[in-house]
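> predicted model and sequence follow; I will ask about them next.
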Amino acid sequence: MRTKIIDYGMNGEGIGKVDGKTYFISNALIGEDVEFKIILDKQNYAFASSSEIYQPSPERTSPPCPYFYECGGCSLQHMKYPHQLDFKSLLVKKTLKKITDIDLDVSSTYPSKQFKYRNKASFNTNGTNVGFFKKESNDIVNIDYCMLMNDDINQLFAIFKTYLSTLDKDKVSLIKHLVVRAIDHQILVGLVIKRDFECTDFYSQLKNTFSKIGLYKIINNRRDSVVLSGKTIHVSGIKEICINNFNLTYSVDLLGFHQTNIEIQNSIYQKVLELIDPDSIVVNGFSGEGLLSGILASKARHVYGIEISPSSHKSAEKLKRENHIVNLKNILGDFNIMIDSLLNQVDSLILDPSKKGCGKEIMNKIIGIKNIIYISCNPIALAKDLRFLTKYYIIDYMKPFDMFPNTNSVETLIHLKLKKEKQ
């Protein structure tokens, strides 16, 4: 079948129509005339892959990664990078219009370096192949490197593949994943294994190359897709990565959350800092391990950080203590409950929820707070939450940020100012 691409879907696939039916076609760009093959056919729409491009778009480029057409990690490498940024701005705009009926001019997406931006990776292995899952599959694409990872991760991955080649089949079959976090040439490694076995020889090989390296074993015999679960054993080396950022010193371990693209994280946090007023009372909802709370405390009169994870709360308390921050209170608990006692005090509220967003109950509860700053990793969840606020707030600032270049993911920062009291 053949069609002209007229739009993009949520995942960056091209949209074409044939006899009134919509086709979502992978690796196709707006304006292209493409031949395609149907992969999954539904009544009113179908998913397809492009088999031939008759009129290539000027925005098309040859994907530099040799694994692009198999690996499920990237979806946009066939787009020139400026066009990727345009796509993400358009994605945010269309999603807000469709769900909230707000028609905004969305500014251009803040760019990242296109490659080598990731400081964390989780590789899969089945004893034969080592790499990432294929698109829409549990089959593993065997790779030698990943262009999104920083150099330390790729170098370590090569050592891991050599290590696997020295093991007998029984040991190889026990290894499920390799998890790596590498920041400022400090590296934490996790071998996720079904059953415990001795692996000090792997650490010795790593130590020959990296001066600041730490190895963990994670005993995980689950049959689902959860990677970081089970008993964690420190084998040898460093236990944490120490970071200096925004005049703060803090540490991150292998299991804790930390953004994989630090440069874009810092750009977002710097803008958040600019958007709050000096001498304000700030609540940082879903505050994680406390970095943004600590940054906000450098400007605000007082900051409350609310986090439901005990381990993240513990890390936030450590950051507060080690940096001698006196105008910050970290609260362990459910944001939806803990915010109740602070509603009458807060000037500014920072929301950085998970991919599912905040939800109706929280949105209705926070109406009346003067300034709301929302950091979202999911345009659909963001738009659904904004539906409850647009009657009372104006959108003073909105900017997409390219946290994950070459993928369809986009981070969006929005600042809302109260325009009327809740009735």
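Happy to help now that I have it.

> tell me the contacts of D144?
Contact analysis of D144 by C-beta atoms under 8 Å, 6 or more residues apart in numbering lists 157-158, 161. In short, each C-beta sits where N, CA and C put it, glycine included.

> sitting in helices, which of the residues you listed do you find?
157-158, 161 (DSSP state H).

> so which of these is the most crowded?
Most neighbours among the ones in helices among the contacts of D144, by other C-beta atoms under 10 Å: F157, with 21 neighbours.

> host element of the nearest residue to V410 once chain neighbours are set aside?
With sequence-adjacent residues excluded and distances taken as C-beta to C-beta, 6 or more residues apart in numbering, V410 is closest to K88, at 4.2 Å. Using DSSP states H and E, K88 sits within helix 81-100.

> note down every partner strand of the following helix or strand past that helix and its orientation.
Sequence-wise, the next helix or strand downstream of helix 81-100 (DSSP H and E) is strand 120-125. Sheet neighbours of strand 120-125, with direction, are listed as strand 130-133 (antiparallel), strand 175-183 (antiparallel) (DSSP bridges).

> which of the residues in strand 120-125 are buried?
120-121, 123-125 (16 or more other C-beta atoms under 10 Å).

> tell me the one of these nearest V272?
Comparing the buried residues of strand 120-125 against V272 with C-beta to C-beta places K120 closest, at 22.2 Å.

> what's across from the closest one in the sheet?
Beta-bridge partners, per DSSP bridges, of K120: R181.

> so what's it up against?
K120 touches 153, 179-182, 258, 260, counting by C-beta under 8 Å, 6+ apart.

> ditto for L164
Taking C-beta under 8 Å, 6+ apart, one finds 125, 130, 172, 175 in contact with L164.

> and the two most separated of the residues you listed?
V130 and V172 (9.9 Å).

> can you list the buried residues in stretch 274-294?
Here stretch 274-294 shows 275-276, 280-294 as buried, counting by 16+ other C-beta under 10 Å.

> typo on my end, it should be stretch 64-82
Result for stretch 64-82 [16+ other C-beta under 10 Å]: buried residues 65, 67-71, 73-81.

> how about low-confidence regions in the chain?
The chain contains residues with pLDDT under 70 at 420-423.

> the residue in it sticking out farthest from the centre and V283: what is the separation?
No residue in the chain sits farther from the centre than D19, which is 38.0 Å out by C-alpha atoms, centre = their mean. According to C-beta to C-beta, to the nearest Å, D19 stands 53 Å off from V283.

> in contact with the residue nearest to V410, which residues?
By C-beta under 8 Å, 6+ apart, the neighbours of K88 are 109, 400, 402, 410.

> distance of it from M403?
From K88 over to M403 (counting by C-beta to C-beta), the distance is 10 Å.

> picking that back up, as a markdown table, the contacts of L164 with distance to S348 would be great.
Putting the contacts of L164 into a markdown table (distance: C-beta to C-beta, whole Å) gives the following:
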| residue | distance to S348 |
| --- | --- |
| T125 | 46 |
| V130 | 46 |
| V172 | 53 |
| I175 | 47 |
